[in-house]
Each structure stands twice: as structure tokens, then as C-alpha cells.
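Enquirer: Here is a sequence with its predicted model. Questions after.
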Amino acid sequence: MQFLILVASAAVAFQPTTTPPRRATKLFEKPREGPGISVPRNVLGGDLECCCADVRGSGIGTGFYRDGHCSTGQDDEGRHTVCIEATVDFLEFSASVGNDLSTPNPQWMFPGVMPGDQWCLCAARYAQAVQAGKQPMVYLARTHERTLDHVPLDVLLENGVDADVARAQLESVDEQRQVLEGLFKVGDPEELLIIV
């Protein structure tokens, strides 16, 4: 049902009309769920936040499932998991290696990516851009944890729009972990009293 709504929305978004395109709805508030879809967790271990649910007012969300989230699943062979902020340099690089992201393709509900757009990029393409020094900035809280299969967290942190907040969250988690480890720390095994 959601797929049919998304297809119908795309058809409306790309037809000339005098009425404004459909805006993001409750359909886009949460990442898509279901069989074969990975848990919506970000690279920091928290809930996956929305990357962009309404690209330039088109009514189209980013992501493999076009729900605005960089969710992934068994059908997403490209792993569209990295929430980027597109730049001219990155878009030119991507086109030069055979992936023209700037040209709209309505049949795939693809409005085209412009500089400044937030978009769910394939993790392997992001890794390729890192190697070429053409990587765009990323939103860590909006980037799916499966990205870590392709790009190390420290590389993402170096390019994170929200890196300061992310580092603070990671430090807080580390502090909480240390407290818990202290609470459950077992002393010298010879000092343990075994009650039978």
C-alpha cells in the first residue's frame, strides 16, 4: 500500500500542475519496516533520523524506499545508507565515474540531486569518493549503521556535519559503559565466595 502511495505521489510530482506538490506526510515520519529490512539504527547506535522526506518540494523522499530515511534491506543491493549534503565537487566526481546524480529520472522517483540537497548515497560510492578526496559532508545521526561495512566511523566523523554532537554522544556512551563495567567488575577469582 505504501509503495502505491509513493508511486502515485511521484507521478503527480512530475506532471505539470497548478497545485503545489504533495508535502511529506505521516508516511515519512518513521523508516520503513518489514521483512528483509534492516533495523533502522544509525552509525552512532541510536535511532536512524530522517535524511530528507521532501526533496526540494517534490513530494519525494530520499532513500532506497523513498521514505526519507537511509534505510536498507535485502533488496537494496547498492546500500543507500549514507546521508550526504551534496556539493558541486561531489556531483561532478560522481558523474565522472558513471553515476550522474544531477539528472532527474521520474520513472525511478528520482528528482535529481542538486548542491545543498540531502540525499541517501550508496555506501560504496561514498567510500570511492573518500578515496578520491571528493567526499561530501555526512549527517551521522541520519546515516545507517550498515555504512560501517564500507566506511570506518572515524572517516565519517571527519566528514560529519553533526560530528561535534556525535563525539559528545559517543563520549557519553563510553562513560556510561565504564560505570557499568565498574558496577559489574568481578574481583580476584580466588576471593570469590561460592555458595552451594
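Expert: Yes, it's here.

Enquirer: for residue 151, what are its contacts?
Expert: 82, 123, 126-127, 130 (CB atoms under 8 Å, 6 or more residues apart in numbering). To be clear about C-beta, it is placed using only N, CA and C from the backbone, and glycine gets the same treatment.

Enquirer: Those residues in helices, which ones?
Expert: Here DSSP state H is the test, and the contacts of residue 151 give 123, 126-127, 130 as lying in helices.

Enquirer: now the contacts of residue 151: which count as buried?
Expert: Listed as buried from the contacts of residue 151 are 82, 123, 126-127, 130; burial here means 16 or more other CB atoms under 10 Å.

Enquirer: Columns pLDDT on top of the residues you listed, output as a markdown table?
Expert: Formatted as a markdown table, the buried ones among the contacts of residue 151 follow (pLDDT from 0 to 100):
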| residue | pLDDT |
| --- | --- |
| 82 | 98 |
| 123 | 97 |
| 126 | 97 |
| 127 | 97 |
| 130 | 97 |
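
Enquirer: ok, those residues vs residue 91, which is closest?
Expert: Among these, residue 126 lies closest to residue 91 (CB to CB), at 13.3 Å.

Enquirer: Name the nearest residue to the closest one, ignoring sequence neighbours.
Expert: Distance criterion CB to CB, 6 or more residues apart in numbering; nearest residue to residue 126, sequence neighbours excluded, is residue 82 at 4.5 Å.
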